[in-house]
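1. Okay, sequence plus prediction incoming.
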Amino acid sequence: MRWTSLGHAGWLVEASGLRLLFDPILGDDLHGGVHVAHPPRTIDPTGLKPDVVLVSHVHPDHFDVPSLATLARLFPDAPVLTPDPLVVESAEALGFRVARLLEPSKVLTLGGVTLMTTPSDAPVKEWGMVVADDSGCVWNQVDSVIDASMVGEVRRAVASTLDGAGIDVGLVHACPLRELAAVTAGDLGFPYRGWADKLEAWAALQARAVVPAATGFRHAAPFAWRDAHVFPTTADAVRRDLAVAAPDVRTLSCPPGSTLIVTPEAIEVQPGCSYVTPLPEPPLPPWMPLHIPEVVDPALGGETAAQIRAEIDPWLRGELAPAVATHAPRLGVARPLTLVLDVVLPDATHDVHIFVAEEGGCTHRRSRRVDVGHDAVVVVAGSMLADVVAGRRHWGEPLLAGLLRSARRVASLPVFFPYWVLPYRRSVERWVRSLVADHTRRHHRIEGDGV
């Protein structure tokens, strides 16, 4: 069995004559330009030739619409398997002839290959995946949230399904990402408990080797300060700590363009691949979460403050204020709630919206600064908010860029009260459907022009 790394969570697996493509990201940017692939590489998609495409979940660093659009044009007969109906809908619209839901904890046999989806405690529809044939058994954790007891269940399920076989290699989600702490007034320190849980889970896997995986991205230049807050450990630290937690387990590195080869006799990494070209790797900042810069609107599309106000004002008055009036009284707080939305504009001014909600209604007024006591405050870059309101982005992009932040002093409040009018999942669905429609129109136009 051969697992060739495409970077981040992307793998091309060759097993018993089948080619399985996991979580393909073919370009350089992820999350609408907020993230970039790291280490950088280029991919020739014509060399992939997948028999099956597998998308583990809907997060855009695993489910990339432009990449799937390219693959649908090149390999429309490759079935797409995923746990999320939004991926199925999108794959069919992009031109794949077959797209199917595959739930967690299912076993699928394709020729001489056994696939077993593994569960996750994450609040999204996702799975990990066991791939096994006569040469060995590999568990791809992807982003699945799984503790030592769940790993034990996976190991026992593998043994039951594969006549007592064990897991040879675990591709483990090695970096305890800290995406939310710095933007939700959380703990910026090292996540000791979470890291210990990960090490315990990998030891419980009892694999012959583990490979750190699904952590191959960094922030694009305007948001690069986030790297020092989000990534508190390194590949070297993973190897060092795992050597203490599970001294009998080898930890291997498989950078983009290299191939993990699994046989009954040996597990090794072979460099070089015809369809993946590694590029020079820029240095990374050390983990140093001691300074968080103020929100500054980069206005990546050249928007002006006046244009942003014109786009968001109808949404603030016509949708957010009524949503606050509806939802806030249901929290059971025996007094009016004061909620603040601070919109930072490209000209460095602040357009502060103050909502006071009580039984029967909501008062909304504007200010230039946060000058009242409040129960929650949300700060957002205006151009990003306008993009989310219009469906050009989803909430995850300003959040991961550090341009959407929150703090609250009422525990029952949602982390971001604007979610009341536009929930996170719905923002993703709007954005994905818009992207799919754009790619579909572009493809039809190109075909119509005979290009």
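-> Ah, there it is.

2. Could you name the specific helix or strand carrying Leu199?
-> helix 192-205 (DSSP states H and E).

3. quick check: angle from the helix or strand following that helix to helix 192-205?
-> Downstream of helix 192-205, the first helix or strand assigned by DSSP H and E is strand 209-213. Here the directions of strand 209-213 and helix 192-205 differ by 140 degrees (axes from the mean of the first three to the mean of the last three CA atoms, to 10 degrees).

4. Mind giving me the packing neighbours of the helix or strand just after strand 209-213?
-> Next in sequence after strand 209-213, counting helices and strands by DSSP H and E, comes strand 217-219. Applying 3 or more CB pairs under 8 Å, 6 or more residues apart in numbering; DSSP states H and E, one finds that strand 217-219 makes contact with strand 35-37, helix 227-230. C-beta here means a position set from N, CA and C on the backbone, and glycine is covered the same way.

5. what residues does the shortest one touch?
-> Which is strand 35-37. With contact meaning CB atoms under 8 Å, 6 or more residues apart in numbering, strand 35-37 is reached by 7-8, 25, 27-30, 61, 216-220, 256, 400.

6. which among those end up buried?
-> 7-8, 25, 28, 30, 61, 216-220, 256, 400 (16 or more other CB atoms under 10 Å).

7. can you give me the helices for this protein?
-> 65-74, 85-94, 148-161, 192-205, 227-230, 235-245, 305-315, 321-327, 382-390, 396-400, 424-448 (DSSP state H).

8. and Ala357, which of these is closest to it?
-> helix 321-327 (4.9 Å; CB to CB).

9. which sections of the chain are below the confidence cut-off?
-> The model of the chain has pLDDT under 70 over residues 176, 445-451.

10. Could you list the domains of it?
-> 2-278, 305-438 (automatic domain parsing).

11. Check the separation of the first and last residues in the shortest one.
-> From its first residue to its last, domain 305-438 covers 27 Å (CA to CA, to the nearest Å).

12. what does the longest one give?
-> Looking at domain 2-278, the gap from its leading to its trailing residue is 18 Å under the measure CA to CA.

13. Can you give the distance from it to the centre of its chain?
-> The chain centre lies 11 Å from the centre of domain 2-278; the measure is CA atoms, centre = their mean, to the nearest Å.

14. Identify the residues contacting the residue most central in space within the chain.
-> The chain has His59 as the residue nearest its centroid, 3.9 Å off, counting by CA atoms, centre = their mean. Taking CB under 8 Å, 6+ apart, we find His59 in contact with Val124, Asp143, Gly396.

15. Now list the buried members of those residues.
-> For the contacts of His59, buried by 16+ other CB under 10 Å: Val124, Asp143, Gly396.

16. before we move on, back to that, nearest to Thr234, out of the contacts of His59: which one, please.
-> Looking across these and measuring by CB to CB, the closest to Thr234 is Asp143, at 18.9 Å.

17. Might one say that the closest one is in contact with Ala174?
-> No - if you go by CB atoms under 8 Å, Asp143 and Ala174 don't touch, sitting 11.4 Å apart.

18. Now do the shared contacts for those two.
-> Shared contacts of Asp143 and Ala174, counting by CB under 8 Å, 6+ apart, come down to Ala214.

19. Next, the contact list for Val432, please.
-> Val58, Phe63, Val65, Leu86, Ser90, His394.

20. neighbours of the residue lying closest to the third one once chain neighbours are set aside, just the number please.
-> Closest residue to Val65 apart from its sequence neighbours, by CB to CB, 6 or more residues apart in numbering: Leu435 at 4.3 Å. If you count neighbours by other CB atoms under 10 Å, Leu435 ends up with 21.

21. what about Leu435, distance to Val428?
-> Per CB to CB, to the nearest Å, Leu435 is found 11 Å from Val428.

22. related to what we said a few turns ago, what's the helix holding Leu199 packed up against?
-> Partner elements for helix 192-205 (3+ CB pairs under 8 Å, 6+ apart): helix 148-161, strand 169-173, helix 235-245.

23. Go through the ones you listed and name the closest to Glu359.
-> By CB to CB (comparing all of the helices and strands packed on helix 192-205), the closest turns out to be helix 148-161, at 44.0 Å.

24. what bridges to Leu30?
-> His35 (DSSP bridges).

25. is it true that the residue nearest to Val65 touches Asp64?
-> No - using CB under 8 Å, Leu435 is not in contact with Asp64, being 9.5 Å away.

26. residues touching the residue lying farthest from the centre of the chain, list them.
-> Going by CA atoms, centre = their mean, the residue of the chain most distant from its centre is Gly360, 39.1 Å out. With contact set as CB under 8 Å, 6+ apart, Gly360 has these partners: Ala325, Pro329.

27. now Pro322: how far from Glu103?
-> 37 Å.

28. more crowded one of those two?
-> More neighbours surround Pro322 than the other of Pro322 and Glu103, with 15 against 10 (other CB under 10 Å).

29. what's the distance between that one and Ile25?
-> Counting by CB to CB - Pro322 and Ile25 are separated by 39 Å.
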